[in-house]
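Novice: what follows is a predicted structure for the sequence shown.
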Amino acid sequence: MEREFIEIIKIVGYAIEAFGVLVVIIGSFSATANFLFTYRKLSEGKAYKNYRRNLARSIILGLEFLIAGDIIRTVVVAESIENVGILALIVMIRSFLSVTLHLEVEGSWPWQKESSNEKTG
């Protein structure tokens, strides 16, 4: 019974990671398509900025699913301290990427409140 449970959790972890990859792929295609359809209507700088923002958002969301899948598989399936250390390193790297992408695209830290100018602009 325990062996079947672990196998199910492994599959769920891989499925969540696969969904994260799918989010990045679909988000990349969507951001690119949106850019191609709107770059003539918007100024060059605005179109590029929107493209980068949409692309980064899909990457950030995909990273969140990848982290969730790693956590599920490592904590439930592999109980060794070495695996937990590897998981911690992976989560730190992916979290660092998420925070730096957010800072670059949004111009503020993820935990900072949006000003009223940023909400309307």
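Specialist: Received the coordinates, thanks. Everything numeric here is computed off the predicted structure, so don't read it as measured data.

Novice: would you map the helices across the protein?
Specialist: 2-38, 44-72, 81-106, 116-120 (DSSP state H).

Novice: can you redo these as JSON lines with mean neighbour count and mean pLDDT?
Specialist: All C-beta spots, glycine's among them, are computed from the backbone N, C-alpha and C. Formatted as JSON lines, the helices of the chain follow (neighbours: other CB atoms under 10 Å; pLDDT from 0 to 100):
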{"stretch": "helix 2-38", "mean neighbour count": "14", "mean pLDDT": "92"}
{"stretch": "helix 44-72", "mean neighbour count": "17", "mean pLDDT": "87"}
{"stretch": "helix 81-106", "mean neighbour count": "13", "mean pLDDT": "82"}
{"stretch": "helix 116-120", "mean neighbour count": "8", "mean pLDDT": "50"}
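
Novice: please name the nearest non-neighbouring residue to residue 99.
Specialist: Beyond its immediate neighbours in the sequence, the residue positioned closest to residue 99 (CB to CB, 6 or more residues apart in numbering) is residue 110, lying 6.1 Å away.

Novice: can I assume residue 83 is in contact with residue 74?
Specialist: Yes - Residue 83 lies in contact with residue 74 (CB atoms under 8 Å); the separation is 5.3 Å.

Novice: which ones are touching the residue lying closest to residue 74 once chain neighbours are set aside?
Specialist: Nearest non-adjacent residue to residue 74, counting by CB to CB, 6+ apart: residue 87, 4.0 Å away. Residues in contact with residue 87, defined by CB atoms under 8 Å, 6 or more residues apart in numbering, are 70, 71, 74, 75.
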